[in-house]
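> the sequence and its predicted three-dimensional model are supplied below.
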Amino acid sequence: MTTRVFGERVERREDPRLLRGEGRYLDDLGHDALEVAFVRSPHAHARVLDVDVTAALDVEGLVAIYTHEDLPGRLADPLPLLIPHPALTAPRTAHALAKDLVRHVGEPVVMVVAADRYLAEDAADRVRVTYEVLPPVVGLDRAEEVAAHLVQEVGDVDAALAAAPRTLELRLDIERSASTPLEGRGVYARWDADDQRLRVYSSTQTPTSVRFAVAAILGLPDSQVECVAPDVGGGFGVKIMHPWPEEVLVPWAARLLGREVKYTEDRREHFVAATHERAQEQHVRVGFDDDGRILALDVRFLHDHGAYTPYGIIVPIITSTQLPGPYVLPAYRVEFSSLYTNTVPVTPYRGAGRPQAAFCMERTVDRIAAELGLDRAEVRRRNIVQPEQMPYDLGLTFQDGRPAIYDSGDFPATLRMITDLIGWDDFPRRKAEAAAEGRRIGIGLACYVEGTGVGPYEGGHVQVEPNGRVNVSTGLSSQGQGHQTVFAQIVATELGVPMEDVHVVTGDTRRFGYAVGTFASRAAVMSGNAIALAARELRAKALRIAADALEASPDDLEIVEGIVRVKGSPDAAIPLRTVAVLSNPLRYSFSEESRAATQFSLPVRGGPPVPRGEAPGLEGRDYYSPERSTFANGMHAAIVEVDPETADVTILRYAVVHDCGNLINPMIVEGQIHGGVAQGVAGALYERMAYDEHGQLQNASFMDFLMPYATEVPHIEIAHLETPSPLNPLGIKGAGEAGVIPGSAVLAAAIEDATGVAIARMPVSPSELFELQGGSA
Amino acid sequence: MKPPPFRWSSPGTTAEAVALLAADPRAKVLAGGQSLIPLLNMRLASPPHLVDINRVAELDAVEVTGDGVRVGALVRQAHLERDEAARKVCPLLGDALPLVAHPVIRNRGTVVGSIAHGDPAAELPAVAALLGATVRIASAAGVRDVPADVFFVAPLETALRPGELVTSVWFPAVPPATGTAVVELSRRHGDYALCGVAATVDRETGAARAAYLGVAPVPLVLDLPADDPGGYAAASVDPEADIHATAAYRRHLATVLTRRALAAARDRP
């Protein structure tokens, strides 16, 4: 009936521009700006005794050197605690520039502004900082200082464990990794003295929040600060953090100096001065019956929070509440302690506590199966939530402070699909065949449920210009997700206009001021629905105006390919662009199109030209604010081969079944899964943050931090299941993080199956697997 | 990650280049820059003067005869990788070059630069050592030829003296009836190997020789016994532990990869 591009594999409209090298990333802006380098702490824990800048002063091109003493007002205070929580009893945030103490290697101590980055680094090299080195705390086994402690319990876990016919205990460990987007952080600011306005460009996931944070800390009215996220070369969570020290210091210096100022983070800085995630030590007790049914789960874990807690305890809360996955847990207790260490702070990285949760739950289910000699898929089948149990209330409080309730899903169907896709039932035969050839292969399976689309809200604005161009804006930003494509698909479908007419702007506070940000697999759910609602509002208005012009009832009208027409009599029609003209009664005409809306062209009716309750212009603005999060789910399966001599692991097959409700664009969802799986493989086999006992990161480069190349990422087989969410108008769920979540769990299971060696720590390298096998071939 | 200031010279001939190096003993030679530029950017090295030999056309030559291959100081790794005549005379070069980092790095990186850098984890020094290559060195005082076995002194340390420039490396042809192979295990494609073995096997006598990378301070060349060559290799290497692997694992790899390299060399048509 009408243009339905929702659900189609529409090619990403971002790509031609980006592939031609026409992207405008942060460092592509501000060619003439002054540039910034930082003197960063070389010590993990130290007192700053003295800063001597004398030797730096004769560097040609030096403009300014700032230390904490130079910072005025709120800029001298600790940076904001973004997400307070009652359990976060000892919160701590850093200063923009270190005051007295440094708590991790890489913490900024001195800011240098110079004509370019080369000269800024020359000057920074000559600044002499005197430290009194203090003993550092590195690693969870030495951490003692508690930032937060939280217990959640559903049912009587002690009683259920005591009554369980069988119990098991596990100790599991997950190491640190990090988002490591290809584009690091960056901020560029200019103060317009004529307009008295500060414009901040930041490579951020949260431009509206950066705007408000900068305004608050610099003591400026919100109306004098604007923030734009230009093209952003990946975020994966690390750019959710705000304000970074650099994000307030650069705008402050720009205003103070009356000059454009830019800071572009380099790779080494990103490793030691941004944020990391993942590291947990988990202790599990599980009670179950002889059929493998789980009766009680008791998890206690330690979470390495690094030096500061600017983003609160979101990560361990997500681990706590997503740990049950698709399983019915009659009794569940989870207790965590977030501990301070002298390492880079921890904030969410794609998955945000869920990969740890899935590793914990899935390793536990595999151990139950092994203990009972049961098939691992069968044990899962016996424990998963059934479709008729939906909505399924976990009885826990999720990361948005609201109840964790699975809104929809068909877990038995997902399980059937994944075992069919990977050939689970036939695998024992294949394994025996391989063994006869001296090869060791193994299979693994892992499940997850992911809370997505967290609130509080997002907004959307849709407007039709008199030339037919449809402008769409939303406040949240893009880091490569394909928002310009999927939001255009939504609007084209809702309005009934060609997709080529729809133009999307994201992440620019000049265009849309209210927003939360792009993280937590929320952009499609939140802004997608807000934009759909705004488009529906616009459509209703267009039908009202067109009904008036066509002397028909709005209920009898439809919009097809940008034309409003009477259903059943397509000759009675008016283009949407003409409706846009009519929506804005004019005194002056500048074009052929607008002539029709001038005062002597329009028929004179009773009442004012713009009726009360209406506004000029053909536009709609609406917001979507969900009552609670919507939960996507999926299952991964992998087949690996482990070299019997070298313990080198090769992934032979990797299969994904994924249910994120209605798909807006299956190709883009698959791209999200591909990227997520790559990061899952990374966390399972390659990436770790190798701190030594002094708190020095030994692998702060892409040479020694082993981000997998395309050559290390397997071909990924994907099947979709679409169980719509009943919570939002489009029936969609988030898909951004899903791919990464079960990576460590599924590969640990497959390696364990291939080698017979228990895998309880991720990542695992060939050298470690060799040691686990007893150091022999 | 921006380099400190340095003087840059761009000589047009070898004679000009060595004159500049003689005048400034702390000067460094810039060719492909794949090791030097990262060191500069991370400010781990701050030579006051870079002598950029990229304009010295006479150094950009591969000479192939029946006796061997002479590779000039400006020949890119990617260039030699695609040189069929050179690969025919020295199949080991063709085996080893695809294992050197990634294509974009090989497009800039030079064969001679990798040898002059003297990284014991790199493939080309091991190949040079195994084949008995000769390193030709020019300076204001003249030209000298240094055999590979004395050229590599310690990790990242060679017999090259201040003021000297490696102008070419001579790889002798592999004798007839000799099979060759390079086998290595790296964490990711193109990474420095945890352990690597380049091997030659005389198919008539069975004599086997191998060079080891990543498990000794310099490329280690061993004449392998017929009986348990892997065990002999494991006893001879001197690996160190790092964040990627233990010393014991690397030693174990020396055994396994020796076996695999010899088998591959023997089977080579």
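Structure's in. What do you need? Numbering: from 1, shown residues only, chains lettered A, B, ... in the order given.

> domain-wise, how is the chain divided?
No chain in the question, so chain A it is. Domain assignment for chain A by automatic domain parsing gives A:32-135+A:185-264, A:280-454+A:627-772, A:455-624.

> oops, I was thinking of chain B
According to automatic domain parsing, chain B is divided into the following domains: B:7-52, B:61-172, B:178-267.

> export the domains of chain A to CSV and tack on mean pLDDT and mean neighbour count?
(C-beta placed from N, C-alpha, C; glycine too.) Converted to CSV, the domains of chain A look like this (pLDDT from 0 to 100; neighbours: other C-beta atoms under 10 Å in any protein chain shown):
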stretch, mean pLDDT, mean neighbour count
domain A:32-135+A:185-264, 97, 20
domain A:280-454+A:627-772, 97, 22
domain A:455-624, 92, 20
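
> flag every residue of the stretch 101-250 of chain B that's near chain A.
Applying C-beta under 8 Å from any C-beta of the partner chain, we find that the stretch 101-250 of chain B lies next to chain A at B:185, B:187-191, B:194, B:243-246, B:248-249.

> select from those the one having the most neighbours.
Taking other C-beta atoms under 10 Å in any protein chain shown as the neighbour criterion, residue B:194 ranks highest of these with 27 neighbours.

> and that one, what's its pLDDT?
You'll see residue B:194 listed with a pLDDT of 97.

> so what's it up against?
Residue B:194 sits next to A:766, A:767, B:184, B:185, B:186, B:187, B:214, B:244, B:245, B:249, B:250, B:253 when contact means C-beta atoms under 8 Å, 6 or more residues apart in numbering or on different chains.

> touching, the last one and residue B:186? I think so.
No - at 10.7 Å, residue B:253 and residue B:186 do not qualify as touching, with contact defined as C-beta atoms under 8 Å.

> of those two, which one has the most company?
Neighbours were counted for residue B:253 and for residue B:186 using other C-beta under 10 Å; residue B:253 has more, 34 against 17.

> show me what the host helix or strand of the more buried one packs onto, helices and strands only.
In the assignment (DSSP states H and E), residue B:253 maps to helix B:247-267. Under the contact definition 3 or more C-beta pairs under 8 Å, 6 or more residues apart in numbering or on different chains; DSSP states H and E, helix B:247-267 sits against helix A:766-772, strand B:178-186, strand B:193-202, strand B:208-213, helix B:229-236.

> what's the angle between the last one and helix B:247-267?
Relative orientation of helix B:229-236 versus helix B:247-267 (axes from the mean of the first three to the mean of the last three C-alpha atoms, to 10 degrees): 140 degrees.

> can you pull out the residues in contact with helix B:229-236?
With C-beta under 8 Å, 6+ apart as the test, helix B:229-236 has contacts from B:197, B:208, B:210, B:212, B:220, B:222, B:224-225, B:251-252, B:254-256, B:258-259, B:262.

> out of those, which is most surrounded?
In terms of neighbours by other C-beta under 10 Å, these top out with residue B:197 at 35 neighbours.

> got a list of what the closest residue to residue B:16 other than its chain neighbours touches?
Leaving aside its chain neighbours, residue B:16 sits nearest to residue B:56 (8.0 Å; criterion: C-beta to C-beta, 6 or more residues apart in numbering or on different chains). Counting by C-beta under 8 Å, 6+ apart, residue B:56 makes contact with B:11, B:12, B:13, B:14, B:16, B:17, B:73, B:74.

> swap the cut-off to 7 Å and go again
With contact taken as C-beta atoms under 7 Å, 6 or more residues apart in numbering or on different chains, residue B:56 is in contact with B:11, B:12, B:13, B:14, B:17, B:74.

> wait, doesn't the fourth one sit right on residue B:167?
Spelled out, that is residue B:14. Yes - Residue B:14 lies in contact with residue B:167 (C-beta atoms under 7 Å); the separation is 6.0 Å.

> between the two, which contacts overlap?
Common contacts of residue B:14 and residue B:167, defined by C-beta under 7 Å, 6+ apart, comprise B:59, B:138.

> need the strands for the stretch 301-450 of chain A, in chain order.
Using DSSP state E, counting those that start in this stretch, the strands of the stretch 301-450 of chain A run over residues A:332-339, A:392-397, A:403-406, A:440-452.

> dump the ones you listed into CSV; add distance to residue A:378 as well.
Output for those, formatted as CSV (distance: least, C-beta to C-beta, whole Å):
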stretch, distance to residue A:378
strand A:332-339, 22
strand A:392-397, 21
strand A:403-406, 22
strand A:440-452, 11
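
> out of those, nearest to chain B?
strand A:440-452 (14.7 Å; C-beta to the nearest C-beta).
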